[in-house]
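Peer 1: Need the 3D shape of this:
(one chain, ligands or ions: 1)
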Amino acid sequence: MSTIPKLLSIAGSDPSGGAGAQADIKTFAAFGCYGMAAITALTAQNTRGVIAAWPVAADIVAAQIVAVMTDIRPDAIKIGMIATPDIAAAVASALGASPRNVVLDPVLIPTQGVSLAAAGLERALLVNLLPLARLVTPNIFEAAALTETPQARGVDGMTAQARLLIEAGAKAVLVKGGHLAGAPVDVLVCDGETRLFHGRRIDTRHTHGTGCALSAAIAAELGKGAALVDAIATAKVWLEGALEAAEALRLGEGRGPPDH
Ligand code: PLP
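Peer 2: Predicted coordinates for the structure are as follows:
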């Protein structure tokens, strides 16, 4: 029996390797884990943005997940781009009653380019996938969309939105404040408590797929058995290093990825 942590990504494909399933698998490898991926959508994109996205049929997404779940039982699962309400429902039923250590990154809109979410995806994520997740990791735009409230301007607003997502059925919510000006702060609400994670602002434009990498890194640490707060702290320090290293990697003409 292998003792290496086994991680499954359920995510969209980014052929440029900066975001989505490709970023997740690189991140799992960086954390010493065995990476797997069930693809929910194909995209055409590069460092300049997402040009087009094509969802995979929901039954084909489900078949990929069932194939993995019935053979290699993952220690943790990262869910990223889900694309359509049908895929959200199919993923939930394919995962079954008690998948371990699910981190849900509710991908809706890329920083540049076409939308990654069909109409009604927000509600489908809340109904189908939120209850399965050990942690949900929206950025401030996704938190506003999921809670149907105005965009947060600081920690108070982020905390209020995290609490709304807990009321909607989430076990733990990390609202990421990196898009707000100033020193970055993320807010975790879990078990009735609020905890702030203060990060360093890394001066780089190469941030493509940063959210994908962070959620994959947290999943990897959970798969190794880390406690939630420790998994987030470790993942954030690793990501800061990957963002610093992105300046040397300097891929493409637009926003390249961190060096996973
Ligand atoms: N493409 C895919 C498949 C993604 O999952 C994501 C984000 O999660 C993106 C593109 C957008 O990444 P970013 O906005 O960080 O450039």
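
Peer 1: which stretches of the stretch 1-150 of the chain form strands?
Peer 2: For the stretch 1-150 of the chain, applying DSSP state E, counting those that start in this stretch gives strands covering 6-13, 34-46, 49-55, 76-79, 102-104, 135-136.

Peer 1: Using TSV, please lay out the ones you listed together with distance to the ligand, mean pLDDT and mean neighbour count.
Peer 2: Just so you know, the C-beta spots here come from the backbone N, C-alpha and C atoms, and that holds for glycine as well. Converted to TSV, the strands of the stretch 1-150 of the chain look like this (distance: least, C-beta to the nearest ligand atom, whole Å; pLDDT from 0 to 100; neighbours: other C-beta atoms under 10 Å):
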stretch	distance to the ligand	mean pLDDT	mean neighbour count
strand 6-13	3	98	27
strand 34-46	5	98	21
strand 49-55	5	97	16
strand 76-79	10	98	30
strand 102-104	12	98	28
strand 135-136	14	98	27
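
Peer 1: can you tell which of these is closest to residue 235?
Peer 2: Closest approach to residue 235 among these (C-beta to C-beta): strand 102-104, 9.6 Å.

Peer 1: So which elements touch that closest one?
Peer 2: Applying 3 or more C-beta pairs under 8 Å, 6 or more residues apart in numbering; DSSP states H and E, we find strand 102-104 packed against strand 76-79, strand 135-136, helix 210-223.

Peer 1: nearest to residue 96, of those?
Peer 2: When those are compared (using C-beta to C-beta), the closest one is strand 76-79, at 11.3 Å.

Peer 1: The closest one pairs with which strands, and in what direction?
Peer 2: Sheet pairing here is set by DSSP bridges, and for strand 76-79 it gives strand 6-13 (parallel), strand 102-104 (parallel).

Peer 1: Tell me how many other residues crowd residue 226.
Peer 2: 18 (other C-beta atoms under 10 Å).

Peer 1: And residue 162, by the same measure?
Peer 2: For residue 162, using other C-beta under 10 Å, the count is 26.

Peer 1: dump the residue contacts of it.
Peer 2: Counting by C-beta atoms under 8 Å, 6 or more residues apart in numbering, residue 162 makes contact with 143, 173, 174, 175, 187, 188, 189, 194.
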